[in-house]
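# here is my input; please provide its structure:
(2 chains)
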Protein chains: 2
Amino acid sequence: MPILRIFCDVRMSADELMALRRSVAPHEVLTRQSLAGSVLEEGEEDPGFQVADIVFGQPNTKSVLQAPHLRWVQVTSAGITRYDTPEFRTEAAARRIVVSNSSDVYAEACAEHVFSFMLAQSRVLPAALQNRSKAGDPAWDHLRSSARTLRGGSVVILGYGFIAKRLVEMLAPFQMAITAYRRRARGDEPVPIVTPQALGEALAIVDHVINILPDNADSRHFVSTERLAQMKSGAIFYNIGRGTTVDQDALLEALRSKKLGAAWLDVTEPEPLPADHPLRAEPNCFITPHIAGGHQNETQTLVAHFLDNLQRFEKGEPLRNRVI
Amino acid sequence: MPILRIFCDVRMSADELMALRRSVAPHEVLTRQSLAGSVLEEGEEDPGFQVADIVFGQPNTKSVLQAPHLRWVQVTSAGITRYDTPEFRTEAAARRIVVSNSSDVYAEACAEHVFSFMLAQSRVLPAALQNRSKAGDPAWDHLRSSARTLRGGSVVILGYGFIAKRLVEMLAPFQMAITAYRRRARGDEPVPIVTPQALGEALAIVDHVINILPDNADSRHFVSTERLAQMKSGAIFYNIGRGTTVDQDALLEALRSKKLGAAWLDVTEPEPLPADHPLRAEPNCFITPHIAGGHQNETQTLVAHFLDNLQRFEKGEPLRNRVI
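Just a heads-up that it's a prediction; the model follows:
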C-alpha cells in the first residue's frame, strides 16, 4: 500500500497529534508550517498542500483545488458552507476530490442541545430557576401553570439530516406528531416529509419549529417574515443550524408581537450577536453561543471519525458523511 | 346503583366544578362549607365528611378516619405523606377505606422536569445562556468544552415508581446504564434494581443520581453525608422527590468541596428555601420551586383520573394508583 500524506490543520495538543501520528502509521501526518518571512492569513497557502493526498481540517477551497495530489478532504465541522457552491462542486468532481464532513461527530451533541432547549422551554426553566415564591402564591401559580409537557405536542424539523435523524429517535418516547421539511424526500426518513409546497400548512399547526438548515444560497433567510407569519400563534422556534437562515428582524418582530411564544438560538448572524442587539433584550429569546456541537473528548471523537474514514478510504469503501 | 356522595375539596373554578358535577351524575358532589360563626383551619372538620362515601382532594387523616360512610379517598397529589403512617394504614384497613393517589397525573410532567434538569446540566445551559463570548475566546473554549452528551452515561434512580418508570422510557434512546434503588425488587422493573446493601457500590460509579423518594419515616435524610461520600466525584445530584429525604447541610458541603458537580432541586426543606439559605448562593446548585408536576390543563387531568377511578370503583375493579 502506498504511503499517504495527510495534511492536518486541526487544532490539537502535542499529545493528541502524537496519538494521531501513531494511529495512521505508516501514513504520514503533515502540519501547518509558517513560511519564513511571510505573514499568512489563517487558511492560506501552505506547502503541505503540494504533497498532501488527504486534508483533515478546514482547508480553503483554493488550496484544495490547487493541490496536485489531493483526493479526499475530511472537514472537521458539520457545516460545509465554504465548499457548498456549484463552482467548488464542479471543480472537485472534475479533479475527483471527495469531501466528507463530521456530522456523525456532532449529531448527538447537537440533537441533545436542541432537545435541552425544548425541555427547558416546556418546563419554564429560565423563569423557574429565578422564582423563589411559595406554593399557592400568585407568582407560583403563574409559573406552575405555565409549565408544559412535551408529550402529545407537534414538531416540524426544518432540514432533515444526521442531527434530525437522531432528534427523531430522542423524541420517540414523547408521542409527538413529527414532520420534517426537506427539498426532496428520499423515502428512507422515519417521519413524514413536508415538501416546500406543503410547508405553510405544516407550520400553521405545530407547537415547535426546529431549524437545522445548513447555510447555502437557498437557505438564506429561509425563516422569513412570511414563514413566521404562517406559524401557529405561540409556537416555539429553535435554531441550531446556521444564523444566516433566519431573518432576524422578522424574528424580532414575531417575538415582540407575541406571534412566537419564544425563540431558542444557538446560532445567530453575526456570532456573537452584539451585546446591544435587540434580540438580546427580548425576554423570550434565549441564546447560547454556538456550542451545540460541544461535547466531552471532542478532538478524540473527531480523530476517531477520521480514522474510521481513513480505513474506508484505504479499502475503497464509501466514506461516512460524504457530502461532495 | 346507589347514589354516591363525593366530598370534593379540590381548588377549581366554577366551570370546572360544574363539569365535574355533570360528569359524576347521578352521584353528588359536595364542596367545603364554612361553618357559620367559626374560623376553620384548612383541612379541618367539615360536615361533608358526615355523609361522604368518597373524598376527592387532600382531606386530613382525622376527618377521614371519623367519616362514618367513607370507603375511598382519591388524593390529588403523588405524595401521600400525611397518610403514609402505620397508624393510618392500620385504621384505614380496619375501616376498609382505600386510598389512591394521582401519580399517573404527575408522572409525565415530573419525569420531563427531571429530564430537563439532566439536559440543562449536560448542555451547560445556565452558563451558556449568559455567555456572549466569541468562538475561540478562552471563555468560549471553556464553555464549549464543558458541554457534555448524556449518551453513554450512567444513572441511579432512588425510588422506583410511576415517575421512574416513565423516566426510564425517556432515557432509552440515550444508551445509558440505568439502575434503580428500591427496598424490594418486584421483578417487573425494566432496569436492574439495586438493593439497600448494594447501593454504595452503585453510587460509586454513576454520573447522575436522581432522587424520587417519597417522604416517610424511612426516607428522612436518606441522602446523607455517608451516601454523598459514596458518590463518584463530580456526580450530578437531582431531587424531584421530597426535600426531607436530603440532609441539606451534607448536600451543601458536598457542593462546596466539589464532591458533587452540581445539584438540581425541585424540592427543598422548607419550601421555599429562605432567600439567604446558603444553598441559594452555591453556583452549582439550581433550584425550581416545586413545580415538577405542573402541566397544561392540570385540573382537567386530575378530574379525568378521578373519573376513571370512579368507574372502576363502581364496578368493583382495582383502582389506578391505589396506595393504601
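
# may I see the buried residues of the worst-scoring helix or strand of chain A on mean pLDDT?
Least confident helix or strand of chain A, by mean pLDDT, DSSP states H and E, is helix A:48-51 with a mean of 91. Neighbour-count burial for helix A:48-51 flags A:48-50 (criterion: 16 or more other CB atoms under 10 Å in any protein chain shown). From N, CA and C alone the C-beta is placed, and that goes for glycine too.

# elements contacting the following helix or strand past it?
Past helix A:48-51, heading to the C-terminal end, the next element that is a helix or strand (DSSP states H and E) is strand A:54-57. Here strand A:54-57 touches strand A:5-8, strand A:72-75, helix A:298-315, going by 3 or more CB pairs under 8 Å, 6 or more residues apart in numbering or on different chains; DSSP states H and E.

# partner strands of strand A:54-57, with direction?
Taking DSSP bridges as the criterion, strand A:54-57 pairs within the sheet with strand A:5-8 (parallel), strand A:72-75 (parallel).

# now tabulate the ones you listed in TSV and tack on mean neighbour count.
Formatted as TSV, the strands paired with strand A:54-57 follow (neighbours: other CB atoms under 10 Å in any protein chain shown):
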stretch	mean neighbour count
strand A:5-8	23
strand A:72-75	25
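
# B:Pro126 is nearest to which of the ones you listed?
Closest approach to B:Pro126 among those (CB to CB): strand A:72-75, 31.7 Å.

# for that closest one, C-alpha coordinates in PDB please.
Taking C-alpha atoms only, strand A:72-75 is exported to PDB below (Å, rounded to 0.1, in the frame of the first residue of the first chain):
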ATOM      1  CA  TRP A  72     -10.100  13.500  -0.100                       C
ATOM      2  CA  VAL A  73     -10.900  16.300   2.300                       C
ATOM      3  CA  GLN A  74     -12.200  15.400   5.700                       C
ATOM      4  CA  VAL A  75     -13.800  18.500   7.100                       C
END
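
# which residues touch it?
A:53-59, A:64, A:83, A:97-102, A:305-306, A:309, A:313, A:319, A:323 (CB atoms under 8 Å, 6 or more residues apart in numbering or on different chains).

# packing partners of the host helix or strand of A:Met170?
If you go by DSSP H and E, A:Met170 is part of helix A:162-171. Counting contacts by 3+ CB pairs under 8 Å, 6+ apart, helix A:162-171 is packed against helix A:103-122, strand A:154-158, strand A:177-181.

# would CSV of these with distance to A:Pro272 be doable?
Formatted as CSV, those follow (distance: least, CB to CB, whole Å):
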stretch, distance to A:Pro272
helix A:103-122, 17
strand A:154-158, 23
strand A:177-181, 28
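
# how about those, which one is nearest B:Ile212?
helix A:103-122 (17.2 Å).

# between that closest one and strand A:154-158, how many degrees?
Comparing the axes of helix A:103-122 and strand A:154-158 via axes from the mean of the first three to the mean of the last three CA atoms, to 10 degrees yields an angle of 140 degrees.

# picking up where we left off before, how about the strands paired with strand A:54-57 in JSON lines, adding mean pLDDT?
Shown next, in JSON lines, are the strands paired with strand A:54-57 (pLDDT from 0 to 100):
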{"stretch": "strand A:5-8", "mean pLDDT": "95"}
{"stretch": "strand A:72-75", "mean pLDDT": "97"}
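
# tabulate these (TSV), appending distance to A:His208.
What follows is the strands paired with strand A:54-57, written out as TSV (distance: least, CB to CB, whole Å):
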stretch	distance to A:His208
strand A:5-8	39
strand A:72-75	30
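
# for B:Ala263, which of those is the nearest?
strand A:72-75 (39.5 Å).

# tell me the residues on the stretch 201-324 of chain A that lie near chain B, please.
For the stretch 201-324 of chain A, the residues in contact with chain B (CB under 8 Å from any CB of the partner chain) are A:271-273, A:275, A:280, A:286-291, A:294-296, A:298.

# try it again with 7 Å
A:271-272, A:275, A:286-291, A:294-296 (CB under 7 Å from any CB of the partner chain).

# show the buried residues in those residues.
Neighbour counting with 16+ other CB under 10 Å marks A:271-272, A:286-291, A:294-295 as buried within those.

# pLDDT and distance to B:Ser133 added to these, as JSON lines?
Formatted as JSON lines, those follow (pLDDT from 0 to 100; distance: CB to CB, whole Å):
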{"residue": "A:Glu271", "pLDDT": "96", "distance to B:Ser133": "10"}
{"residue": "A:Pro272", "pLDDT": "97", "distance to B:Ser133": "6"}
{"residue": "A:Phe286", "pLDDT": "98", "distance to B:Ser133": "16"}
{"residue": "A:Ile287", "pLDDT": "98", "distance to B:Ser133": "12"}
{"residue": "A:Thr288", "pLDDT": "98", "distance to B:Ser133": "11"}
{"residue": "A:Pro289", "pLDDT": "97", "distance to B:Ser133": "6"}
{"residue": "A:His290", "pLDDT": "96", "distance to B:Ser133": "10"}
{"residue": "A:Ile291", "pLDDT": "97", "distance to B:Ser133": "10"}
{"residue": "A:Gly294", "pLDDT": "95", "distance to B:Ser133": "13"}
{"residue": "A:His295", "pLDDT": "95", "distance to B:Ser133": "18"}
